[in-house]
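**Student:** Sharing a model that was predicted from the sequence below.
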Amino acid sequence: MSRRRVKPDELDLWNQVASTTERLAPLRRSLIVDAPLQEAPKKREAKPIAPFSLGALPTSTREMRDVLPALSERLRSAPVKMDAKSYKTMQRGKLKPEGRIDLHGMTVAQAHPALISFIMTAQANGRRLVLVITGKGGKREELGAIAPQRMGALKRQVPIWLTMAPVSSAVLQVTESHIKHGGAGAYYVYLRRAR
C-alpha cells in the first residue's frame, strides 16, 4: 500500500465534517509547545580522584555487606526435621557418626560423585548419622583475580548437593558438626531410614 497526498477537495470535506463534531475530552495544552524554555542543568564538577596504587587496600571505611547470611547461620536456622531430642544430642557431639567421608583435598569434580555414592551406600546399609568432612577452606593468594572469591568451595557446595537429587531423598537433616568431629570443617548428615 503506497501513500498518496491528500487532495484539496478531500481536505475541505474533512474540515466540514470535523467542524460539526464535538470534542469528547477537553483540549490539553501541549507540553512541548506551551512549556517555557528552561535553562540547561548545570554540570557537576568532577571530584578529584585520590592517588592510589594497584593492589593497595581500599581507603574507604564503608562496610561491605553480604545480603546472604553466612552458611553456618543458614544451616543453624533451618527447620529441624528429625527428632528434637536426637538433634540436640547430635549438636552436642554426643551421637557417634556411623560413617565418614573425607572430601578434603578433592576437587569439586571428584567430590560430587564420591559424596553421592557415599550417601546412597550409607542409607542402603541402614546408617542414620554420617560425617562429611570438607575442610574449612584455606586462604589462597590469587594474584590477578578479577573478582574476590569466597574460600572453601567444597564447604559451600556440599550442603547444596545434599538438597539435590538423587541424595535429597536420603537426607533428612544437615548441620555443622560439633568441634570434636571437625567443627565448621565438617557436616553431620542425618539420613532417612532405608525403605
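**Tutor:** Sure, I can see it.

**Student:** so what's R193 up against?
**Tutor:** R193 makes contact with G126, R128, according to C-beta atoms under 8 Å, 6 or more residues apart in numbering. Yep, even glycine has a C-beta here, placed from its N, CA and C like the rest.

**Student:** Would you mind writing the CA trace of the lengthiest helix in the chain as PDB?
**Tutor:** Assignment by DSSP state H gives helix 108-124 as the longest helix of the chain. Output of helix 108-124 as PDB, limited to C-alpha atoms (Å, rounded to 0.1, in the frame of the first residue of the first chain):
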ATOM      1  CA  VAL A 108      34.700 -30.300  43.100                       C
ATOM      2  CA  ALA A 109      34.600 -32.700  40.100                       C
ATOM      3  CA  GLN A 110      35.900 -35.600  42.200                       C
ATOM      4  CA  ALA A 111      34.000 -34.800  45.400                       C
ATOM      5  CA  HIS A 112      30.500 -34.700  44.000                       C
ATOM      6  CA  PRO A 113      30.300 -38.300  42.700                       C
ATOM      7  CA  ALA A 114      32.100 -39.500  45.800                       C
ATOM      8  CA  LEU A 115      29.600 -37.800  48.000                       C
ATOM      9  CA  ILE A 116      26.600 -39.200  46.100                       C
ATOM     10  CA  SER A 117      28.000 -42.700  46.200                       C
ATOM     11  CA  PHE A 118      28.800 -42.500  50.000                       C
ATOM     12  CA  ILE A 119      25.400 -41.100  51.000                       C
ATOM     13  CA  MET A 120      23.400 -43.700  48.900                       C
ATOM     14  CA  THR A 121      25.500 -46.600  50.200                       C
ATOM     15  CA  ALA A 122      25.300 -45.400  53.800                       C
ATOM     16  CA  GLN A 123      21.500 -45.200  53.600                       C
ATOM     17  CA  ALA A 124      21.300 -48.700  51.900                       C
END
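
**Student:** chain center to that helix, what's the gap?
**Tutor:** Helix 108-124 has its C-alpha centroid displaced from the chain centroid by 25 Å (C-alpha atoms, centre = their mean, to the nearest Å).

**Student:** can you check stretch 73-88 too?
**Tutor:** 23 Å.

**Student:** Low-confidence bits of the chain, can you list those?
**Tutor:** For the chain, applying pLDDT under 70 flags the ranges 1, 27-41, 59-68, 138-151.

**Student:** Do you have the strands of it handy? List them.
**Tutor:** 99-102, 129-133, 171-176, 186-191 (DSSP state E).

**Student:** Now do the first one: everything it contacts.
**Tutor:** Where contact means C-beta under 8 Å, 6+ apart, the residues beyond strand 99-102 that reach it are A114, L115, F118, A122, N125, R127, V130, L131, V132, I133.

**Student:** residues making contact with the longest helix of the chain?
**Tutor:** Contacts of helix 108-124 (C-beta under 8 Å, 6+ apart): 98-99, 101, 103, 106, 130, 132, 153-154, 157-158, 161-162, 166-167, 170-171, 189, 191-192, 194.
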